[in-house]
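K.L.:
This is a predicted model, with the sequence first.
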Amino acid sequence: MSYLITTPDLVSAAAENLAGIRTALGTAAAAAAGPTTGLAAAAADEVSAAVSQLFGTYGVQFQTLSAQATAFHAEFVSLLNGGALAYAAAEAASASPMQAVLDAVNAPTQTLLGRPLIGDGADGTAGIGSNPGGNGAPGGLLYGNGGKGGAGGPTGGAGGAGGAAGLIGNGGAGGVGGTNAAGGSGGGGGLLYGNGGAGGAGNGTGAGGAGGNAVLFGSGGNGGDGPSGGTAGRAGVFFGDGGSAGAGSGQAGADGGFVGNGGAGGSSTTAAGGAGGNAFFGNGGEGGSSTAAAGGAGGSTMVGQGGNGGAAGGAMSAAGGAGGSVGLFGSGGSGGNGGGGAAVPIPPGLTFGLAGGAGGAGGSGGLFGGNGGAGGHGGNGASTSVPALAGGAGGMGGAGGNASFFGNGGAGGNAGAGASGGLGGSGGAGGAAGNGGTAGLLIGNGGSGGNGGAGGIGGSLGTGGAGGAAGAGADGGLLSGNGGAGGAGGDGGPRGSVGASGGAGANGGDGGNARLFGLGGAAGAGGAGGTPGGGAAGTPGNPGTNGIFGTAGSPGAAAVSFSAASSDTIFGPYEDLFNNTVDNLRLTGNTWLANPAPFLSQFLTNQFDYASLSFTAFTDAARDFTIGLAGIPAGLQTGNLAGALAGLFVSGVDASDFSNILLTGTVGDLFPLLTIPGDIAQNFTNVLTTVLDTNIAFAIDTTSFTGAATFGLPLAMTLNAVGSPITTAMAFADSTSAIVSALQAGNLQAAATAFVGAPANIANGFLNGEAMLPLALPLASTAGIPVTLDIPVGGILSPLRPFVAHVDAPVIGPISITLGGTPTGGIIPALLNYAPGQLAKAIA
């Protein structure tokens, strides 16, 4: 199969170039005609006349060939032009029917409302001089994007606003402003679905345009950049990301929809950075940075990741923004870094150094899982040249974010270093580091402490700055988790010259303690004393204490040597309880995260399908009704007014399938809408049937050794619910039997071991126990072949497992067949994963 691609405009242009070449050749041939065809004889003798006649004959032959070449050239140019016209005509013919239909569909709304039914709005025109740019036209009522706003005039015209969409479509982007003029605002997104348009950038002193808003589904538009950037567009109520604020504004990012991320806060050079937008199911927006003030805080969320805080600039020792926190599940955002200290000029030609800004605190993790965010680092202080004044101190590190029930605490931020002092002035003190964030109450590692900042160099005859305090490591969780390591103390700064002393080093941070299972946190090293100058060195921190089943943390550098005592554990059941619980929680969580809300997802998919069906039906009906309107004048001329009016609603019958004869035309186009109530009713019936289904189906194929056992949802959930009491009772009986057997045997050590481990064994049975309940099937239902069905039951966290059939086959002997169909096990995995999946299948 071959393909031919032709561009008529290019072919026409080539033909014009060839025509120009033909003209040039004709002109050259005409200019040469006289000198070559009428060559004069050199003398009156016969030889000269013969030579003249010979060359004249050659000239005549050349002119003849030139005329033939010109005729061929003209014919070739004509052929190219004809081909280009033919292709252009073919393209116009192929496009015109659909364009005519679209024009007919759009004509009523274009006339009445000034906008099409289907199609994009026109872009606004660019402004001239100081005139503003034209606004973008709105998109089609049913479908179409809004037009872009035109750019403002170059000498001060504001940018035009973007056009709004109708039912489905994106808003148009705002136009860019002219010199010192504002950018245009973005158009709103479609009522049902569509993103808001981005705001146009401001120029010079002009503000950026606001981002367009979404309505139900869609993301908000970003605000335009500018000295005062545009506000962020709102996200759709149900789905969509919030728009980001324009750079330069310092405004907050917009919140995300029910599902969607928050927008980023705007940066600024004159004010604090904007806060990141919040979310519900999604990530919080990043906080905006600032070169003049504090960074913006990161956005918070219920389920997702908290936004990181924005970094701060150096002016006025501004602090970094705090990281966003999480409500239910997810990790907190990191704190922003503090700005470096500013050097304030003091006449004549001196500077006074300010302290560095503090790092932002890390955000907290979610209630049911998530790590705390790391704290931001402190900024360094600025140097001082004013005599007798100290250098700027280092900024403090931000504290690490805390976890809730499960998760690790965030690391504390490192502190900034102190700066050098003026003549006779001391070096700036190093900043204090942030402490590690607390671990989850039950499981998690404590956050490590940050390192203290180094002291600054003393000015001439000045002492060195003291090192900053180290951050302490946090304790681990109650059940399991390591203590956080302590940070290193800051080193003391060197002295300025002879006669002064070096700065003292700071003590190392203490390591966090472990509780039940886990290692104690290592202690932080002490800071070195400032040299030269013989500053005192800091002492190492204290190592964290070991958990009951863990090991103590290692000591800090330069501390006294330590030898950890080892002890043999006899609490194996507690280790099994912890390991099994963590494994089952992880498995259940991973399964849930792979498809977190199947029923809700299928429900939303159905609504989208209904909306798509409605959109198609109304679009087709509007098209056929418009076509019917166009046929009324012809009906009036032929006297068939009744037929023309009937054609508005019914244009014919589609009998291509005798089992499904359909009306065509406006009414036929609307008939598919009648299936929506039926589908909804059927789905509701399916859900009720699934919830109330108590049927049991069992089948085994002895030829392929496969089979399935299917239980109705109520029966399956009942099996899942009664499993935990069964496994708890079995664990209690197992521990009681072990204690009694050991006492009867006179083994007191074994009895004590069983007694101490009994609570963990029983709790393990309640949470993670697994058992098989054998059920012999009636021979009448298995064709006389003995079959025993193993029904899996388990603790509340036990994973779901399939049924197993043990078949005593007559020839090949006993075999075990893992059956498909309904799995059973723990009630929590069943409620979180299995039941919602079955309901989703009912409405699929």
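P.N.:
Done, it's in. Residues are numbered from 1 along each chain as shown.

K.L.:
mind checking the SS state of A642?
P.N.:
Classification of A642 using DSSP: H, G, I helix; E, B strand; the rest coil returns helix.

K.L.:
can you offset everything so residue one is 46?
P.N.:
Noted, 46 is the first residue going forward, which turns the last one into A687.

K.L.:
That one: how many residues sit nearby?
P.N.:
A687 has 9 neighbours, counted by other Cβ atoms under 10 Å. The C-beta positions use only the backbone N, C-alpha and C, and glycine is treated the same way.

K.L.:
And the pLDDT for it?
P.N.:
The score at A687 is 76. That number is its pLDDT.

K.L.:
next one: the one 5 residues further on
P.N.:
The per-residue pLDDT reported for G692 equals 73.

K.L.:
Spatially nearest residue to it (excluding sequence neighbours)?
P.N.:
G673 (4.6 Å; Cβ to Cβ, 6 or more residues apart in numbering).

K.L.:
Three-state assignment for the nearest residue to G354 once chain neighbours are set aside, please.
P.N.:
Distance criterion Cβ to Cβ, 6+ apart; nearest residue to G354, sequence neighbours excluded, is G366 at 3.1 Å. When classified by three-state DSSP, G366 comes out as coil.

K.L.:
G366 against G341, yeah?
P.N.:
Yes: judged on Cβ atoms under 8 Å, G366 makes contact with G341 at a distance of 4.8 Å.

K.L.:
got the domain boundaries for the chain?
P.N.:
Listed by automatic domain parsing, the domain ranges of the chain are 53-132, 257-330, 551-596.

K.L.:
average pLDDT for the second one?
P.N.:
For domain 257-330, the mean pLDDT works out to 91.

K.L.:
what's the straight distance from one end of that domain to the other?
P.N.:
This stretch, domain 257-330, spans 18 Å end to end (Cα to Cα, to the nearest Å).

K.L.:
so how far is it off the chain centroid?
P.N.:
Put simply, domain 257-330 sits 14 Å off its chain's centre (Cα atoms, centre = their mean, to the nearest Å).

K.L.:
quick one, what contacts L399?
P.N.:
Neighbouring residues of L399 by Cβ atoms under 8 Å, 6 or more residues apart in numbering: 361-362, 386-389, 426-427, 437.

K.L.:
Got a ChimeraX select line for the buried ones in those?
P.N.:
Selection of buried members from the contacts of L399 for ChimeraX, criterion 16 or more other Cβ atoms under 10 Å:
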select :361,362,386,387,388,389,426,427,437
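
K.L.:
From the contacts of L399, pick the one nearest G375.
P.N.:
Closest approach between the contacts of L399 and G375, by Cβ to Cβ: S362, at 31.8 Å.

K.L.:
Would you mind confirming that that closest one is in contact with A388?
P.N.:
No: the pair S362 / A388 is not scored as a contact, 11.8 Å apart, by Cβ under 8 Å.

K.L.:
ok, back up a step: could you export the contacts of L399 to TSV, including columns for secondary structure and pLDDT?
P.N.:
Converted to TSV, the contacts of L399 look like this (DSSP: H, G, I helix; E, B strand; the rest coil; pLDDT from 0 to 100):
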residue	secondary structure	pLDDT
M361	helix	63
S362	helix	75
G386	coil	87
A387	coil	85
A388	strand	86
V389	strand	87
G426	coil	91
A427	coil	90
G437	coil	91
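
K.L.:
Let me have the contacts of L399 in JSON lines, extended by distance to A474.
P.N.:
Putting the contacts of L399 into JSON lines (distance: Cβ to Cβ, whole Å) gives the following:
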{"residue": "M361", "distance to A474": "19"}
{"residue": "S362", "distance to A474": "14"}
{"residue": "G386", "distance to A474": "12"}
{"residue": "A387", "distance to A474": "18"}
{"residue": "A388", "distance to A474": "17"}
{"residue": "V389", "distance to A474": "18"}
{"residue": "G426", "distance to A474": "8"}
{"residue": "A427", "distance to A474": "14"}
{"residue": "G437", "distance to A474": "9"}
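
K.L.:
Between the contacts of L399, which sits nearest F777?
P.N.:
S362 (63.2 Å).

K.L.:
For that closest one, give me its contacts.
P.N.:
Per Cβ under 8 Å, 6+ apart, neighbours of S362: 383-384, 386-387, 399-403, 424, 440.

K.L.:
right, and the pair among those with maximum separation?
P.N.:
So, these by Cβ to Cβ: farthest apart are A387 and A403, at 14.6 Å.

K.L.:
ranges for the helices of the protein?
P.N.:
53-82, 91-158, 617-639, 643-675, 677-683, 686-692, 711-715, 720-737, 758-789, 793-813, 872-874, 880-887 (DSSP state H).

K.L.:
Just name whatever secondary elements the fourth one is in contact with.
P.N.:
Contact here means 3 or more Cβ pairs under 8 Å, 6 or more residues apart in numbering; DSSP states H and E; on that basis helix 643-675 packs against helix 91-158, helix 711-715, helix 720-737, helix 880-887.

K.L.:
is it true that A662 touches V712?
P.N.:
No: taking Cβ under 8 Å as the definition, A662 is not a contact partner of V712, at 10.8 Å.

K.L.:
who's more crowded, these two?
P.N.:
Comparing A662 with V712 by other Cβ under 10 Å, the one with more neighbours is A662, at 19 against 15.

K.L.:
returning to what we had before: which one of the contacts of L399 sits closest to L845?
P.N.:
Distance to L845 across the contacts of L399 (Cβ to Cβ) is lowest for S362, with 57.2 Å.

K.L.:
follow-up on the earlier one: next, the contact list for the residue nearest to G354, please.
P.N.:
Counting by Cβ under 8 Å, 6+ apart, G366 makes contact with 318, 320, 332, 339-343, 354-357, 380-381, 405.

K.L.:
let's go with 7 Å and repeat that
P.N.:
Contacts for G366 (Cβ atoms under 7 Å, 6 or more residues apart in numbering) come out as 318, 332, 339-343, 354-355, 381, 405.
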